[in-house]
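Trainee: Please work out how this folds:
(one chain, ligands or ions: 1)
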Amino acid sequence: MSDGSSMPELSQRTPQGVLWAYENWLPLTKDTPRISLGEGNTPLIPAPGLSRKVGAEVYLKLEGANPTASFKDRGMTMAVSKAREQGAEAVICASTGNTAASAAAYASRAGLECIVLLPEGKVALGKLASVAHCGARVVTIQGNFDEALEIVRFLTGKYPVQGVNSINPYRIEGQTTGAFEIVDALGAAPTYQAMPVGNAGNISAYWRGYKTYHQAGRLKGLPIMLGFQAAGAAPIVTGKPVPHPETVASAIRIGRPASWQTAVQARDESGGIIDMVTDEEIIAAYQLLGTLEGVFCEPASAAGVAGILKLARGGFFKAGDSVVCILTGHGLKDPETAISVAAQPVTLPADGQVVADYLGYGQNRS
Ligand code: F0G
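Mentor: Predicted structure coming up:
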């Protein structure tokens with residue numbers, strides 16, 4: 001039996017999560033505590049139904065399988081570990097919900113105070129529940145995400161609280177691991193990578209990840225990046241900030257993305273596209289993922305799929321092309337939208353024959 005004195009700190013003794021899987025690719029030192037919930041290593045599944053519709057080989061990266069059910073955990077494990085290493089006592093973020101849920105969880109695990117600034121009335125129920133559960137201090141801002149992020153910039157510049165939005169470079173570093181996993185799983189980059197774009201940190205992180213592997217000789221060709229904004233919140237597409245962004249995809253209801261420049265760089269360096277999709281196209285793709293592939297993601301996550309369906313209508317893809325769609329968050333985060341767009345259930349008496357008749361089985365088929 002060990003006397004305990006030679007045992008590493010408990011948080012270091014669970015070799016799982018992206019800080020272990022990609023430790024040589026991340027800015028860790030021997031002093032960095034590893035604050036982890038076992039994030040990353042998410043499924044990358046083929047989507048045969050979508051592939052037929054699009055005319056290319058489509059894969060779905062299920063980022064809702066992360067511990068707090070979104071891709072944010074990849075960046076948050078890194079950012080909160082660094083905050084602890086640097087002696088921070090509190091972390092803060094502005095959020096449309098997922099960053100807040102992730103920050104709350106990782107801060108709680110690190111023993112740090114967590115403050116989240118949420119836009120009033122626009123955060124999906126599962127995200128609110130998740131934040132509350134981990135004991136974060138929640139401040140509802142009478143404004144939108146962009147205004148809440150301005151307040152984070154103000155507070156972190158003036159007070160001893162560390163920001164964990166994607167303007168924190170460690171968030172982006174952690175999120176590069178999504179690209180590493182795709183290359184490690186496929187043995188190459190896909191022809192295209194499709195994803196939603198909100199504050200634009202994730203598209204910047206993926207591109208950085210692919211380039212990092214490429215420069216290190218781990219990857220030959222680079223993918224072409226396809227980003228999609230919601231039509232009511234599409235500043236990168238229109239080329240100007242949107243003062244009052246609106247979309248059913250509340251996670252990407254953002255009018256002034258912090259990583260605007262690096263997203264444009266990812267688009268241009270890869271020879272890609274940042275386009276927009278309407279709320280109707282987002283909801284249609286969201287429902288199609290459920291009915292065709294059995295996959296439940298949140299509406300924002302479906303924007304990438306809506307985007308490739310839109311491009312496919314114009315004959316964009318060629319046979320042999322591969323497309324990885326990043327499904328950024330789990331559908332259970334937003335149960336209200338799921339229920340509001342689905343068929344309503346029927347209520348019947350507790351009578352087998354009535355149910356059989358309703359189902360169309362009829363008496364002579366019994
Ligand atoms: N998908 C989901 C589910 C998101 O929560 C977000 C961003 C995005 C896509 C867009 O990613 O901002 O890196 O371009 N959510 C942030 C939040 C803004 O506060 O949770 P991005």
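Trainee: doesn't residue 126 make contact with residue 335?
Mentor: Yes - the pair residue 335 / residue 126 is scored as a contact, 6.2 Å apart, by C-beta atoms under 8 Å. In short, each C-beta sits where N, CA and C put it, glycine included.
Trainee: Neighbour count for the two, which is higher?
Mentor: Counted by other C-beta atoms under 10 Å, residue 335 and residue 126 do not tie: residue 126 has more neighbours, with 22 against 14.
Trainee: what's the helix or strand hosting the more buried one in contact with?
Mentor: Secondary structure from DSSP states H and E places residue 126 in helix 125-133. Helix 125-133 is contacted by residues 68-69, 95-98, 100-101, 104-105, 116, 118, 138, 330, 332-336 when judged by C-beta atoms under 8 Å, 6 or more residues apart in numbering.
Trainee: do that again at 7 Å, thanks
Mentor: 68, 97-98, 100-101, 104, 116, 138, 332-336 (C-beta atoms under 7 Å, 6 or more residues apart in numbering).
Trainee: and that helix, what's its mean pLDDT?
Mentor: For helix 125-133, the mean pLDDT works out to 97.
Trainee: C-terminal to it, what's the next element?
Mentor: Next along from helix 125-133, by DSSP H and E: strand 137-141.
Trainee: does the ligand sit close to that following strand?
Mentor: No - counting by C-beta under 6 Å from any ligand atom, the ligand has no neighbours in strand 137-141; the shortest distance is 12.4 Å.
Trainee: need the residues of the stretch 151-300 of the chain near the ligand, please.
Mentor: Near the ligand, when you scan the stretch 151-300 of the chain using C-beta under 6 Å from any ligand atom, you find 166, 196, 197, 198, 199, 200, 201, 202, 251, 252, 298, 300.
Trainee: want to throw the residues you listed into JSON lines with secondary structure?
Mentor: What follows is those, written out as JSON lines (DSSP: H, G, I helix; E, B strand; the rest coil):
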{"residue": "166", "secondary structure": "coil"}
{"residue": "196", "secondary structure": "strand"}
{"residue": "197", "secondary structure": "coil"}
{"residue": "198", "secondary structure": "coil"}
{"residue": "199", "secondary structure": "coil"}
{"residue": "200", "secondary structure": "coil"}
{"residue": "201", "secondary structure": "helix"}
{"residue": "202", "secondary structure": "helix"}
{"residue": "251", "secondary structure": "helix"}
{"residue": "252", "secondary structure": "helix"}
{"residue": "298", "secondary structure": "coil"}
{"residue": "300", "secondary structure": "helix"}
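Trainee: Columns neighbour count and pLDDT on top of these, output as a markdown table?
Mentor: Listed next are those as a markdown table, based on neighbours: other C-beta atoms under 10 Å; pLDDT from 0 to 100:
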| residue | neighbour count | pLDDT |
| --- | --- | --- |
| 166 | 28 | 94 |
| 196 | 31 | 98 |
| 197 | 35 | 98 |
| 198 | 31 | 98 |
| 199 | 26 | 98 |
| 200 | 25 | 98 |
| 201 | 25 | 98 |
| 202 | 28 | 98 |
| 251 | 30 | 98 |
| 252 | 28 | 98 |
| 298 | 32 | 98 |
| 300 | 33 | 98 |
